[in-house]
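In: Could you work out the structure for the sequence below:
(2 chains, ligands or ions: 1)
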Amino acid sequence: MLPLEYDRSEDRDIIVRDRFDGFRREYLRTLVNPEVIEEHRQSALGQHSEKLERLLIYFRQRPLEQRYAVRAIEPFRRYQVVRLSGRRGVPPRLVDGAIYTSANDARHGLFLRCIRDLLET
Amino acid sequence: MAQIKIFGYADKISVKPGDTIQFHVSADGTSTAEAHLVRLIHGDEHPHGPGFIEEEIDCVANGTWQVEKQFTQVGSFLEVTDPDRKLALDGSITLCAFIWPTWPDVGHRQCLLGRWDNDRNHGYGLGINPSGRLEFWVGCGNEVDYLQAELPLQKQAWYFVAATFDARSGRATLHQEGVVNRYNSLLGKVAPVEYRSHVSEMFRFRQNNLPDTPFLVAGSRDWHALRGHFVSQLYCGKVDRCGVFDRALARAELDAIRAGGKPPSDGMVAYWDTTKGYTDRGIGDLVVDIGPNRLDARGYNRPVRAQTGYNWNGRNDCFRLAPDQYGGIEFHADAMIDSNWKATKTLELPETLRSGAYAMRVRGGDGAGLAEEYIVFFVRPRMPTARIALLFSTATYLAYANERFATDGQIVQPMAGQPPTISEVDIEIYENPEFGAGCYDTHADGAGVCYTSYRRPMVNMRPKYRIAAFDLPWNFPADLSILAWLEHKGYDYDVLTDEDVHLEGVAAMAPYACILNSTHPEYHSERMLDAHEDYIAGGGRFICMGANSFCCNVAFREDEPWIMECRKTGGHWIAWAARSGEYYLATTGQMGGIWTGFQRWGQKLVGNTFAGEGFAHSQPYRRMPDSYDPALAWITEGIEGETIGDFGLGNGGAAGIEIDCYKLGFGTPPNTKIIASSGGHPDNYIAHDEEGAHAHQGFSGTHNYILRADMVYFEAPNNGAVFATGSIAFGSALPIHGFENNVSRLLSNVVDAFVRPGPLPGSSNRPRENTGRLEPVGP
Ligand SMILES: [Fe+2]
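Out: Sure, this is the predicted structure:
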């Protein structure tokens, strides 16, 4: 349970959302295992197992400023992973120097970063 | 050296050989660019297809162009025509208005109304200061006196505000009163919010007016060394009736105006009755002054009319029913419907151009990345010659223009079933509001964007572009796969655009025996929809190539076909929702939203329409029993096996991205047959159930048979016929294996049958002939 003084906005909805996500993360962490990660590596798009779908739905629902995106440097050849700013006018920023040679590889790199964030919080 | 960036647009989207077209280009980091006319053939660079294909065309405009940085005025406002400077008031004054601010706390000054020079500090203004409070100010050049209200304005609340200034005594007074009723504002009576503020102060001096300052509503004049004059201090929110007097009105007089009384004529210099001049067929840009000087105001960047006013009481939902309650004019600091750049080049198109999709390719420096622009336009023949026409969905291109889903859309990743794949140009338009938005975006103040235009760079109406949210070629670049297929197959075809069909109606379609439209024919004005219906009913043969077909209702003004209005309402698959009471198109007075709301489902026209969308993964079609009916076997002739289109540049299948299905209850003609159908799409495909059902578990792809693309066929009166693919991904399957595959074969079977004069193959029990037969089609 989060402390009551956790209060950073006039919008109390954010407090509820964050607590909900706290519970949700607790459960989602139990779903992470090597099979799920391998499943995503093999197929980043399309229908997945229940466990992987749950994780992906959570990652895709993050507030914009917590989301990652793939950056196409050269379509079909070179990609990177960036983090969105969530603020119009502010460009996404690079998260690391890794270069991927396919969009799906980059999607998987992005997925691993989401998994790491999930396990660390 | 600065990075080279080239952006441009043309003044027309549809032209004929011999027509004159103007190109407007802005360049960063270079003063010259290499221009070349090209005919576009294929736009998807996916390695499983033929890649990007263009054909260079000789023309006199090819060569080196002088280019320069051009500036764009963003933001909507009203400018008053005041040649006799009646509003250059140097003495006593009253300014008053009803206002509904949407972003009072944006953090910079917003001018509501005034004759104010923001660069030289001359004149007077009433506005909202950086702390979100109402403020009145006068300036004499070296000094400005300000008077601010005691408390900040509430967002989305109607106020009556006024400033009076008695020049003799120097007393300035601000009046701020809420005019909130049960319907018109965000909050109701139970919220303990203070709206009222009345403050007064002695000013040290009188205002001094410059001769050429314009009187503006929702902005003020500014100046920049490179740009010259422009408008800044742009306001976000609505203004209802407002006026200017050359004396300080008494409190009782202001209270009477607030109560809805007639404004006093004594001292009235101008009073803009924002509800004046409405017609049953729409509202223009002119805002009428009912005062003695007839100082009418004109909207720039299309302020949104037909919005609810301060006295809207919830009984009526349209300005046509209660114009007096629809005086709201809504302004946005980032509205933009015309870049208004100087023309860089004017070209008389060669008489020898064949009909097709063209672009002026403009490259600066090495032409890499943002240093390359394709300014796309479509060339029709001077006289139709082919039996086939390819109809490009320019209304859809307008709707999606410069969309910022990937960077701004909260719901887009769950819809898309993937993270976005962002390219350099997506970041460029995210950083820079000068590109303007499309009807899938919201303004920075949160309101949906209801006007879009092609007189500005449209970075996604280009070959090679991939939409970031879905990592697919989208609309125009995807539609080129259909054009490339026609080229590959050697069909003789002309091109048409939505604009032609809107302007000319069925006459634009009638010369063709067979018309194929595009991958995403979503947006249609009433005239366009009528033209399609008349074409098919009159014996035309129509191939609906895409999905999400014929869903949305939009409007164009007769004299400005480059600007489209779209109000999002109805259905639960819209990018934003029009506010209560603001569903009607100011352009025509017709209700906006989806055609479903008018009993004109897409099914009624082409047999199928929107089932749902999911984007990340496509499926094949499986043949249905109707395809084995001997009377229909010609459609699948030469196709082996049960599966059609288990390949494609659009996520590996011919059925997917957005998908349409058959539905008798929505007017699918009863003689319609389902030739093939998909299904089992992933669960990020969600059904767009238009029957008003509750959303519930089991709405999604793997649980719901409704989520499918139906390939349908029916015969229409007078030897007309429709074949509809029901899938956006269909067109992107055509180029696989050098255009030789079962999707391509099936489409050839249909096109070949459709262009052949006389009855359709297998047509034994054709439906009754209609009387509205078209003139014989084709050459
Ligand atoms: Fe669409």
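In: show me where chain A has helices.
Out: A:13-29, A:34-42, A:50-60, A:103-120 (DSSP state H).
In: So which residues make contact with stretch B:591-598?
Out: Contacts with stretch B:591-598, where a contact means C-beta atoms under 8 Å, 6 or more residues apart in numbering or on different chains, come from B:318, B:450, B:524, B:529, B:550-555, B:565-571, B:574, B:578, B:583-585, B:601-602, B:666, B:690. Backbone N, C-alpha and C define where each C-beta goes, glycine included.
In: Could you pull out the buried residues of it?
Out: For stretch B:591-598, burial by neighbour count (16 or more other C-beta atoms under 10 Å in any protein chain shown) applies to B:Met591, B:Gly592, B:Gly593, B:Ile594, B:Trp595, B:Thr596, B:Gly597.
In: That one near the ion anywhere?
Out: No. Using C-beta under 5 Å from the ion, we find that stretch B:591-598 stays clear of the ion, coming within 11.0 Å at best.
In: okay if I get the buried residues of stretch B:591-598 as TSV plus pLDDT, distance to B:Arg109 and secondary structure?
Out: Compiled in TSV, the buried residues of stretch B:591-598 are given as follows (pLDDT from 0 to 100; distance: C-beta to C-beta, whole Å; DSSP: H, G, I helix; E, B strand; the rest coil):
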residue	pLDDT	distance to B:Arg109	secondary structure
B:Met591	95	37	strand
B:Gly592	96	33	coil
B:Gly593	94	36	coil
B:Ile594	94	40	strand
B:Trp595	94	43	helix
B:Thr596	90	44	helix
B:Gly597	90	41	helix
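In: B:Asn129: which of the helices of chain A is closest?
Out: helix A:13-29 (28.1 Å; C-beta to C-beta).
In: now the angle from the closest one to helix A:50-60?
Out: In terms of direction (axes from the mean of the first three to the mean of the last three C-alpha atoms, to 10 degrees), helix A:13-29 departs from helix A:50-60 by 150 degrees.
In: Would helix A:13-29 count as contacting chain B?
Out: No. Using C-beta under 8 Å from any C-beta of the partner chain, helix A:13-29 stays clear of chain B, with a minimum separation of 12.2 Å.
In: quick one: buried residues of that helix?
Out: A:Asp21, A:Leu28.
In: Next, the angle helix A:103-120 makes with it.
Out: Counting by the same axes, to 10 degrees, helix A:13-29 lies at 100 degrees to helix A:103-120.
In: so what secondary structure elements neighbour helix A:13-29?
Out: Judged by 3 or more C-beta pairs under 8 Å, 6 or more residues apart in numbering or on different chains; DSSP states H and E, helix A:13-29 is in contact with helix A:50-60, helix A:103-120.
In: quick one: which of these is nearest B:Gly291?
Out: Closest to B:Gly291 of the helices and strands packed on helix A:13-29, according to C-beta to C-beta: helix A:50-60, at 55.3 Å.
In: Report all helices and strands that that closest one contacts.
Out: Counting by 3+ C-beta pairs under 8 Å, 6+ apart, the packing neighbours recorded for helix A:50-60 are helix A:13-29, helix A:34-42, helix A:103-120, helix B:412-416.
In: out of everything not next to it in sequence, what's closest to B:Tyr685?
Out: B:Gly614 (3.1 Å; C-beta to C-beta, 6 or more residues apart in numbering or on different chains).
In: Let me know how buried that neighbour is, in neighbour terms.
Out: A total of 27 residues lie near B:Gly614 under the criterion other C-beta atoms under 10 Å in any protein chain shown.
In: mind checking how far the residue nearest to B:Asn142 when sequence neighbours are not counted is from chain A?
Out: Spatial nearest neighbour of B:Asn142, chain neighbours left out: B:Asn121 (7.5 Å); criterion: C-beta to C-beta, 6+ apart. Distance, B:Asn121 to chain A, using C-beta to the nearest C-beta, to the nearest Å: 28 Å.
In: Quick check: residues of chain B near chain A?
Out: So far as C-beta under 8 Å from any C-beta goes, chain B lies against chain A at B:45-47, B:404, B:406-408, B:410, B:413-414, B:417-423, B:427, B:430-433, B:444, B:464, B:466, B:468, B:471, B:616-617, B:651, B:682-683, B:701-702.
In: Mark which of these are buried, thanks.
Out: Listed as buried from the residues of chain B next to chain A are B:45-46, B:404, B:406-408, B:413-414, B:417-423, B:427, B:430, B:433, B:444, B:464, B:466, B:468, B:471, B:616-617, B:651, B:682-683, B:701; burial here means 16+ other C-beta under 10 Å.
In: Just the ones of these in helices?
Out: Those of these lying in helices (DSSP H): B:Ala406, B:Thr407, B:Asp408, B:Gln413, B:Pro414, B:Ile427, B:Tyr430.
In: Taking these together, which two end up most distant?
Out: Going by C-beta to C-beta, the pair spanning these furthest: B:Pro414 and B:Ile427, at 22.5 Å.
In: just to revisit the earlier point, pick the one among the ones in helices among the buried ones among the residues of chain B next to chain A closest to the ion.
Out: Proximity of these to the ion (C-beta to the ion) peaks at B:Ala406, which lies at 15.5 Å.
In: still on that earlier bit, adding distance to B:Phe52 and mean pLDDT, write the helices of chain A out as JSON lines.
Out: As requested, these are exported to JSON lines (distance: least, C-beta to C-beta, whole Å; pLDDT from 0 to 100):
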{"stretch": "helix A:13-29", "distance to B:Phe52": "42", "mean pLDDT": "94"}
{"stretch": "helix A:34-42", "distance to B:Phe52": "30", "mean pLDDT": "98"}
{"stretch": "helix A:50-60", "distance to B:Phe52": "31", "mean pLDDT": "97"}
{"stretch": "helix A:103-120", "distance to B:Phe52": "18", "mean pLDDT": "97"}
